[in-house]
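> Sequence below, structure please.
(one chain, ligands or ions: 1)
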Amino acid sequence: MRDGMLELRDIRVSKGDDTLMTVDLNVPAGTIATIMGPSGVGKSTLLSLIGGTLDPVFSAKGDIILDGVNLGSVPPEKRQIGILFQDELLFPHMTVSQNLAFGLRQGGTAAQRCDQVRHALAQIGLSDFERADPATLSGGQKARVSLMRTLLSDPRALLLDEPFSRLDSDLRDRMRQLVFGHAKERNIPVLMVTHDKQDADAAGGPVINVGSDRQNLAE
Ligand SMILES: Nc1ncnc2c1ncn2[C@@H]1O[C@H](COP(=O)(O)OP(=O)(O)OP(=O)(O)O)[C@@H](O)[C@H]1O
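Now for the predicted structure:
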C-alpha cells in the first residue's frame, strides 16, 4: 500500500557472528520515531542499512519497506532518503549557499533556487553567511547548514543521527521545531537516533530502546 510508511520488518544487524541488534518497527508518514540505546549497539549502522550504504563488515537480514516498496532492490541513490550523520561534512570548496543549493532537487529557475536558499538561510539564522567559507563556521553553525541541506533535498524519509547534539539549548528548540515541522508538513516518516530524552519528548512519536535486554521495546 502506498502510505508513505517506513517499515522495518524483522531486521537483524550482525557483525561476523555477533548480532548487534534486532528491530521490528513501523514509522507512519508524519511520525518521528526515536531510537535510543547504549553506545556501540549499532544505531548508526541501522541508519546506514536503511539508506543502502551498510559497511561490508556488517550483514543484515529482514526487509525495509518505504511507501509500499521493498528497498532491497533499490540502489541508495534512488531511495530518496535523507540521512544526516553525526559527523556530516560540508563541501569545503563551496560557499554556505552553494552547499545548500546542492541539496535542492533540480527544477525551478535560477532565481527561484536563489530565493529558496535565502529563505533556508533565514530559517537557520544564518542569513549573514551566504557567501561564507564553511571552514569559518562554528560546529553548531555547520550542523545547522547540514541539517537544512538534508531537508532541502525533499526526501521521502528522514534518518537523523544525534541531529541536535552540537547545538545550544535555544537553537536546539528552534531546529527541532523546524525539522519536526518539516516532517509533518511533508508527511514523511522520520527515524531519529538520540541520547537526549528532550529530543524524544519533542518528537512526540514512539521511542524504541535497542540493545542489551531491551531490544524492540516500544514505549
Ligand atoms: N567500519 C567499521 N568496522 C568495524 N566495526 C565498526 C565499524 N563501524 C562501526 N563499528 C562497530 O560496530 C558497532 C556499532 O557501531 P554504531 O556506530 O552503529 O553504534 P551506535 O549504536 O551508533 O553507537 P554510538 O551511540 O556511540 O554512536 C560498534 O561496536 C562499532 O565499534
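> This structure: helices as residue ranges?
Under the criterion DSSP state H, helices of the chain are mapped to 43-51, 96-103, 110-123, 139-152, 169-186, 197-203.
> how near is the closest residue to residue 88 other than its chain neighbours to the ligand?
Of all residues not flanking residue 88 in the chain, residue 146 sits nearest, at 4.1 Å (C-beta to C-beta, 6 or more residues apart in numbering). Any C-beta I mention is one placed from the backbone N, CA and C, and that applies to glycine too. According to C-beta to the nearest ligand atom, to the nearest Å, residue 146 stands 17 Å off from the ligand.
> What of residue 85?
Residue 85 sits 10 Å away from the ligand, going by C-beta to the nearest ligand atom.
> can you check residue 114 too?
Distance, residue 114 to the ligand, using C-beta to the nearest ligand atom: 37 Å.
> where does that residue land on pLDDT?
Listed pLDDT for residue 114 reads 93.
> What is the burial count for it?
Using other C-beta atoms under 10 Å, residue 114 has 14 other residues around it.
> Could you measure from it over to residue 193?
With the distance defined as C-beta to C-beta, to the nearest Å, residue 114 ends up 34 Å from residue 193.
> Equivalent analysis for residue 27, please.
For residue 27 relative to residue 193 (C-beta to C-beta), the value is 13 Å.
> The two: who's more crowded?
Taking neighbours as other C-beta under 10 Å, residue 27 and residue 193 compare with residue 27 leading, 24 against 21.
> Residues of this structure that sit close to the ligand?
Residues of the chain found near the ligand (C-beta under 6 Å from any ligand atom) are 15, 20, 39-45, 55, 57.
> Strands - which of these land there?
Among these, DSSP state E puts 15, 20 in strands.
> What would I type in PyMOL if I wanted to highlight the buried members of the residues of the chain next to the ligand and nothing else?
This is the PyMOL syntax for the buried subset of the residues of the chain next to the ligand, where burial follows 16 or more other C-beta atoms under 10 Å:
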select buried, resi 20+41+42+43+44+45
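> mind listing what the residue nearest to residue 88 touches?
Taking C-beta atoms under 8 Å, 6 or more residues apart in numbering, we find residue 146 in contact with 84, 88-90.
> residue ranges with poor pLDDT in the protein?
212-219 (pLDDT under 70).
> what's around the nearest residue to residue 15 once chain neighbours are set aside, how many residues?
Here the nearest residue to residue 15 in space, its sequence neighbours aside, is residue 58; by C-beta to C-beta, 6+ apart that works out to 5.4 Å. Neighbour count of residue 58, defined by other C-beta under 10 Å: 16.
> Go ahead and confirm residue 58 touches residue 46.
No. The criterion here is C-beta atoms under 8 Å, and residue 58 misses it with residue 46 at 9.7 Å.
> Select, out of the helices of the chain, the one closest to residue 72.
Across those, residue 72 has its closest neighbour in helix 43-51 (10.8 Å, C-beta to C-beta).
> can you list contacts of that closest one?
Contact partners of helix 43-51, identified using C-beta under 8 Å, 6+ apart, comprise 6, 8, 11, 13, 20-21, 23, 35, 37, 54-55, 58, 60, 64, 71, 76, 79, 81, 83, 85-86, 157, 159, 161, 191, 193, 210.
> Please point out which parts of stretch 1-16 sit buried.
4-8, 11, 13-14.
> Stretch 136-154 now?
Neighbour-count burial for stretch 136-154 flags 137, 141-152 (criterion: 16+ other C-beta under 10 Å).
> Would you pull up how far it lies from the middle of the chain?
Its chain's average C-alpha position is 12 Å from that of stretch 136-154, according to C-alpha atoms, centre = their mean, to the nearest Å.
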